[in-house]
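1. okay, predicted coordinates and the sequence, questions at the end:
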Amino acid sequence: MSAISGNSGNVTGPAGLVGILNTWSATISRAVSDVTSFTNSGRNRLLGVYDLTGSAGGIVSKGVAFVSTNQPAVQTAVTGATINLFVDASTASSNSISANVVFDSIALGATKSGDSTLTFNFSLANTATGTTSPFTFSWA
């Protein structure tokens, strides 16, 4: 089970760290291998395995105490947890990307004007084999 949970933008992290997410980004990529030979007149490349990296960010909820004695383990499920990224919240049953990821870091920030930011960074934790896609796309 993940140490980070929530929905509708509200999340609870380790050690009671609470936030409201208002942005996310994800990059889907594939490894590229250069297989150019001496007989090729130009570069020849083949696609390899998939990857996904990204972040979800927002603000820290007010009144949350985060002290150095409660430094969190970023995620307790070392094999990953499913993340659902919705492109349009009004149609949450469609327009989404789902994948098994690990949350590898949490970034916290604060400004003099009182803004407290929170960012959860994640990376793909894929156990699929063969040509199975590690992502589930639901698009309407």
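-> Thanks, I have it. Owing to the predicted nature of the structure, the values given are computational and were not obtained by experimental measurement.

2. just give the nearest non-adjacent residue to residue 97, would you?
-> Nearest in space to residue 97, with sequence neighbours left out and distances taken as Cβ to Cβ, 6 or more residues apart in numbering, is residue 85 at 4.8 Å. In this view, the C-beta of every residue, glycine as well, is placed from N, C-alpha and C.

3. these two touch, right, the one you found and residue 120?
-> No - in this structure, residue 85 is not within contact of residue 120 by Cβ atoms under 8 Å, at 11.9 Å.

4. how near is residue 42 to residue 48?
-> Here residue 42 is placed at a distance of 20 Å from residue 48 (Cβ to Cβ, to the nearest Å).

5. neighbour-wise, which of those two wins?
-> Shown here are residue 42 and residue 48; by other Cβ atoms under 10 Å, residue 48 has more neighbours (10 against 5).

6. run through the residues that contact residue 122.
-> 52, 53, 54, 55, 56, 83, 101, 102, 103, 104 (Cβ atoms under 8 Å, 6 or more residues apart in numbering).

7. count the neighbours of the nearest residue to it once chain neighbours are set aside for me.
-> Nearest residue to residue 122, sequence neighbours excluded (Cβ to Cβ, 6+ apart): residue 101, at 4.2 Å. Using other Cβ under 10 Å, residue 101 has 25 other residues around it.

8. please apply the same query to residue 120.
-> Neighbour count for residue 120, taken as other Cβ under 10 Å: 25.

9. shaky segments in the protein?
-> 1-18, 62-78, 88-94 (pLDDT under 70).

10. just the buried subset of the contacts of residue 122, please.
-> The neighbour-count test (16 or more other Cβ atoms under 10 Å) marks 52, 54, 55, 56, 83, 101, 102, 103 as buried among the contacts of residue 122.

11. which SS state does the residue nearest to residue 134 when sequence neighbours are not counted fall under?
-> Spatially, and ignoring its direct neighbours in sequence, residue 134 is nearest to residue 126 (3.8 Å; Cβ to Cβ, 6+ apart). Following DSSP: H, G, I helix; E, B strand; the rest coil, residue 126 is assigned to coil.
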